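Visitor: sequence isn't available, so here's the structure alone:
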Ligand code: XMP
């Protein structure tokens, strides 16, 4: 039997009861595979790696070493949430690495979108590898591989964007959710007690805010992006749109336009609001957001985010426009 093929008669995990059964089965399975040895996991804070982390904490406790690399391109509050949930609430063995400066220094002056992805993916692997080499007695690498990763990209998690870890690290893989579809992973995550905001988190690209701060990333424009994105999320939440709109975020392009504030002319960035609905991310439509909500977001961004003088709503469906700007 091919271990990477979902059996045709496998029941879809749609209820708490089925999730509990799956979790119990995987706990037994992981304990059998790992014994008393140690497992390493790159915990991004995304749904898949978070569910794997919570599952493995249940199965093997502090034998699991989670490494969270903050690449400086996370959304506001995201790394803090990972630390709060996994270290403080679940008592997981979590190594937190703030590598923001290292990533942003490497990205300085890099304007091409694919080159940026390569820098971020490559640096991520390097930071993680350095950490892995510090730990001497780890035999396993856990991954949040899910079934679409196996079908679509030969088992490589999309967010890595570049290869994997060097072979000389000799890890055996632990992939407890590799036969599950995304909706099933969410049901399992909820059954494991992860908060709703984490389990139903909207998709977030591996390169993070890096592909929304278009062109060469600068720290000030990245700060404007992070703050405007936080305002957008807060106001969508307040308006009851979280969970109803599939993906939403802001983009801060690398050009300026003229503005005027307190009688003085200035030359500041625009913030673009991007919101889409889709089933499979291959095509997408733009939802009609209530004018009052858009106006409130605009007012808040213009008064709270330094360096911004204009707010736009992107009305373009996919295609021809992709969901992300880069
Ligand atoms: P596009 O922009 O291609 O996006 O319409 C489709 C979906 O994929 C996400 N996306 C990425 N995810 N690494 C990722 O892990 C990436 O480099 C990347 N680029 C786009 C995007 O957020 C959307 O959900």
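Guide: Structure received. As the structure is a computational prediction, the values presented were derived from the model and not from experiment.

Visitor: ranges for the helices of the stretch 1-150 of the chain?
Guide: With helices called from DSSP state H, counting those that start in this stretch, the stretch 1-150 of the chain shows them at 16-34, 47-60, 78-82, 100-107, 113-134, 147-153.

Visitor: the fifth one vs the ligand: in contact?
Guide: Put plainly, it is helix 113-134. Yes. Shown here: helix 113-134 in contact with the ligand (C-beta under 6 Å from any ligand atom) through residue 117. Placement of C-beta: from N, CA and C, glycine included.

Visitor: so which bits of that helix are buried?
Guide: 113, 116-117, 119-121, 123-125, 127-128, 131-132 (16 or more other C-beta atoms under 10 Å).

Visitor: farthest pair in the residues you listed?
Guide: 113 and 132 (28.5 Å; C-beta to C-beta).

Visitor: packing partners of the helix or strand bottoming out on mean pLDDT in the chain?
Guide: The weakest-scoring helix or strand in the chain, judged by mean pLDDT, DSSP states H and E, is helix 147-153 (a mean of 87). Judged by 3 or more C-beta pairs under 8 Å, 6 or more residues apart in numbering; DSSP states H and E, helix 147-153 is in contact with no other helix or strand.

Visitor: and the next helix or strand past it?
Guide: Per DSSP states H and E, the first helix or strand lying C-terminal to helix 147-153 is strand 172-174.

Visitor: what mean pLDDT does that next one have?
Guide: When pLDDT is averaged over strand 172-174, the result is 95.

Visitor: just the endpoints, please. Distance across stretch 82-96?
Guide: 9 Å (C-alpha to C-alpha, to the nearest Å).

Visitor: how about low-confidence regions in the chain?
Guide: Along the chain, the parts satisfying pLDDT under 70 run over 154-167.

Visitor: domain assignment for it?
Guide: The chain is divided into the following domains under automatic domain parsing: 16-199, 212-313.

Visitor: any chance of those in a markdown table, plus distance to residue 8?
Guide: Output for the domains of the chain, formatted as a markdown table (distance: least, C-beta to C-beta, whole Å):
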| stretch | distance to residue 8 |
| --- | --- |
| domain 16-199 | 12 |
| domain 212-313 | 22 |
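
Visitor: which one of those lies closest to residue 3?
Guide: It's domain 16-199; of those, that one is closest to residue 3 (C-beta to C-beta) at 8.3 Å.
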